[in-house]
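In: okay, predicted coordinates and the sequence, questions at the end:
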Amino acid sequence: MCIADKFSDKYDSNVFYNYETMTNSFEKAFSTIMPNIIQDLRSNSMAFPNIPIKRKIQKLIKSRISDDDIVKTLRVEYDIFINQIKDSIRKQEIWARNNKLTKIGCFTEKVNSKYMWDLYADGYKGFALEYDFRKWYGLDVNIYPIIYSSIMFDATQIISRLCITKYVDSIQPEKAYEETFEVFKAQLHQLNPIDLMYFTKMYLYKDKTEYSHEREWRILKIDKDSLNHDFISIPDMGYLKAIYYGPDMEPRYKTHLRSIAKAKGIREYDVVLDRNSRKYSLKVVPLRNSK
């Protein structure tokens with residue numbers, strides 16, 4: 001298993017984020033909400049005890065400038081906030097491919113795919129392994145089918161919420177308002193729920209046109225012990241059921257693997273060109289003396 005950045009497809013484990021949509025929504029919120037906050041603070045200095053910019057607003061109110069001028073002054077703070085959010089977004093956009101916590105193993109449903117043998121088995125020189133996942137447990141992994149799509153996974157709302165929530169969580173309110181602020185944060189999380197499957201789905205979207213014929217499934221494992229490593233291995237646990245030898249495999253490698261297969265009671269097959277058919281197909285032939 002490996003981290004996503006090791007996949008040759010640069011779009012693998014990437015998501016789409018519409019920055020324009022985010023900035024427009026924030027701009028609308030700023031232009032709509034800020035004048036109301038200023039008016040409320042003019043009439044009630046105890047209002048909004050949990051917003052970090054409150055003291056600056058009150059100072060501007062005391063300077064006797066207009067609400068419009070206060071909004072213009074606060075826009076500097078808004079631009080700083082947007083830049084912070086933008087930086088967080090960039091980190092989120094590349095997070096999945098660089099995340100060393102999650103390791104991925106890839107499988108296909110189809111053992112007689114010419115494309116797969118040519119690309120992933122060194123031009124028919126390699127081999128394929130068959131696993132039975134029906135009793136897969138105890139390894140802290142999950143298996144998922146790839147979601148083949150003509151468009152990338154749109155994570156605009158999810159990443160926006162993640163960035164805003166992260167920003168709010170970083171705020172340290174005054175001690176007198178800590179309890180109130182905790183209530184505010186709880187309400188924010190309720191209003192902006194995060195798709196709990198997001199951290200899984202970001203690894204499952206692939207280009208339908210280029211890759212759907214692979215019929216891929218993936219296992220994902222969260223492994224804290226391998227944060228300094230790009231690759232990990234997991235124990236077989238008896239789920240390995242068969243091995244398929246490519247038609248151009250070197251005899252010495254095949255002999256070595258056959259000895260292991262026999263010792264482990266693993267079924268063996270040869271994958272060969274079907275010479276008895278005009279179709280472009282591969283044939284799977286059970287080997288004699290194979291259990």
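Out: Received, thanks. Numbers count the residues shown, from 1 in each chain.
In: helix, strand or coil for the residue lying farthest from the centre of the chain?
Out: Using Cα atoms, centre = their mean, the residue of the chain lying farthest from its centre is residue 64. It sits 50.0 Å away. Judged by DSSP: H, G, I helix; E, B strand; the rest coil, the three-state class of residue 64 is coil.
In: how close does it get to residue 8?
Out: In this view, residue 64 and residue 8 are 64 Å apart by Cβ to Cβ, to the nearest Å. All C-beta atoms are positioned from the backbone trio N, CA, C, and that covers glycine.
In: next: residue 199.
Out: 23 Å.
In: who has more neighbours, those two?
Out: Under the criterion of other Cβ atoms under 10 Å, the comparison of residue 199 against residue 8 puts residue 199 first, with 17 against 6.
In: next, give phi and psi for the more buried one.
Out: Phi and psi for residue 199, reported as degrees, to the nearest 10, are phi -70, psi -10.
In: what of residue 106?
Out: Torsion angles, degrees, to the nearest 10, at residue 106: phi -110, psi 140.
In: residues near it, how many?
Out: As a burial measure, residue 106 scores 15 neighbours (other Cβ under 10 Å).
In: same question for residue 228.
Out: 6.
In: just the pLDDT for it.
Out: pLDDT for residue 228: 90.
In: residue 100 is in contact with that one, correct?
Out: Yes: here residue 228 reaches residue 100: they are 7.4 Å apart, a contact under Cβ atoms under 8 Å.
In: mind checking which helix or strand residue 74 is in?
Out: helix 67-98 (DSSP states H and E).
In: buried residues in that helix?
Out: Residues 70-71, 74, 78, 81-82, 85, 88-89, 92-93, 95-97 are the ones in helix 67-98 that count as buried (16 or more other Cβ atoms under 10 Å).
In: then stretch 129-141?
Out: 131, 141.
In: for the residue positioned nearest the centre of the chain, list the residues it contacts.
Out: Closest to where the C-alpha atoms of the chain average out (Cα atoms, centre = their mean) is residue 202, at 3.0 Å. Applying Cβ atoms under 8 Å, 6 or more residues apart in numbering to residue 202 gives the contacts 13, 15, 96, 153, 155.
In: which residue comes closest to the fourth one once chain neighbours are left out?
Out: Nearest-residue entry for residue 153: residue 205, 4.3 Å, with adjacent residues in sequence omitted and distances by Cβ to Cβ, 6 or more residues apart in numbering.
In: so what's the residue count around that neighbour?
Out: The burial count for residue 205: 22, using other Cβ under 10 Å.
In: list the beta-bridge partners for it.
Out: Residues in a beta bridge with residue 205, per DSSP bridges, are residue 147.
In: so it touches residue 150, yeah?
Out: No: Residue 205 lies out of contact with residue 150 (Cβ under 8 Å); the separation is 10.6 Å.
In: do you know how far residue 155 is from residue 221?
Out: Counting by Cβ to Cβ - residue 155 and residue 221 are separated by 22 Å.
In: neighbour count winner among these two?
Out: Higher neighbour count among residue 155 and residue 221: residue 155, with 24 against 17, using other Cβ under 10 Å.
In: ok, the more buried one - contacts?
Out: Applying Cβ under 8 Å, 6+ apart, we find residue 155 in contact with 15, 16, 17, 92, 198, 202.
In: and with 10 Å instead?
Out: By Cβ atoms under 10 Å, 6 or more residues apart in numbering, residue 155 lies in contact with 14-18, 89, 92-93, 96, 161-162, 195, 198, 201-202, 205.
In: tell me the one of those nearest residue 112?
Out: When those are compared for distance to residue 112 (Cβ to Cβ), residue 205 wins out at 26.1 Å.
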